[in-house]
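Peer 1: okay, structure incoming, though there's no sequence with it:
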């Protein structure tokens, strides 16, 4: 039977949650908080694109769509690296263990222009250089993405019932 093959389904194993620190009333992971000065001083370039979304709001989907557009639909070019390397998560920082080390800042700073990055930071915490350099910013939500991708007949029904 399938359940026999699934093994132990007990809920005894727990996941460790990241500790949080507060910055200007916004909770950040301790790791992100530890590098906050570097995040805030990040130097954006005029041709940067920042994808800004709430967590679990279609960020990865948006990144893949943007990458397909940037690569003129060439699927092989889009497979050049994982999403988190193609579009660094600006404030994401994993210091250890060394096998999992990740710094979105380091990746972004090392990228050639034009760069595409992502963030879940609220607007008041987006590094000021993005505004000063007049970079392109893209905010996305699942509602917008679903609306763009639905079949035309379903879209017409949505418009009709709004």
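Peer 2: On my side now, so go ahead. Note that the structure is a prediction, hence the values are computed from the model and not measured. Residues are numbered from 1 along each chain as shown.
Peer 1: beta-bridge partners for the most centrally placed residue in the chain, please?
Peer 2: With distances taken as Cα atoms, centre = their mean, the residue of the chain nearest its centroid is residue 118 (4.1 Å). Beta-bridge partners recorded for residue 118 (DSSP bridges): residue 51, residue 89.
Peer 1: wouldn't it be in contact with residue 89 here?
Peer 2: Yes: counting by Cβ atoms under 8 Å, residue 118 does reach residue 89; the two are 5.4 Å apart. Every residue, glycine included, has its C-beta placed from N, CA and C.
Peer 1: list the residues that contact both of those two?
Peer 2: By Cβ atoms under 8 Å, 6 or more residues apart in numbering, residue 118 and residue 89 have no common neighbours.
Peer 1: which strands and helices sit next to the helix of greatest length in the chain?
Peer 2: Assignment by DSSP state H gives helix 59-70 as the longest helix of the chain. For helix 59-70, the elements it packs on are strand 49-53, helix 75-78, helix 83-86, strand 116-119, strand 136-140, helix 142-149, judged by 3 or more Cβ pairs under 8 Å, 6 or more residues apart in numbering; DSSP states H and E.
Peer 1: tally of neighbours for residue 19?
Peer 2: Residue 19 has 9 neighbouring residues, counting by other Cβ atoms under 10 Å.
Peer 1: grab the nearest non-local neighbour of it.
Peer 2: Nearest residue to residue 19, sequence neighbours excluded (Cβ to Cβ, 6 or more residues apart in numbering): residue 30, at 4.4 Å.
Peer 1: for residue 60, give its distance to residue 87.
Peer 2: Taking Cβ to Cβ, to the nearest Å as the measure, residue 60 falls 9 Å from residue 87.
Peer 1: what about the two, which has more around it?
Peer 2: residue 87 (27 against 14).
Peer 1: right, and that one touches residue 52 too?
Peer 2: No: the pair residue 87 / residue 52 is not scored as a contact, 11.8 Å apart, by Cβ under 8 Å.
Peer 1: for the nearest residue to residue 101 once chain neighbours are set aside, what are its contacts?
Peer 2: Excluding the flanking residues, the one nearest residue 101 by Cβ to Cβ, 6+ apart is residue 94, at 6.0 Å. By Cβ under 8 Å, 6+ apart, the contact list for residue 94 reads 31, 100-103.
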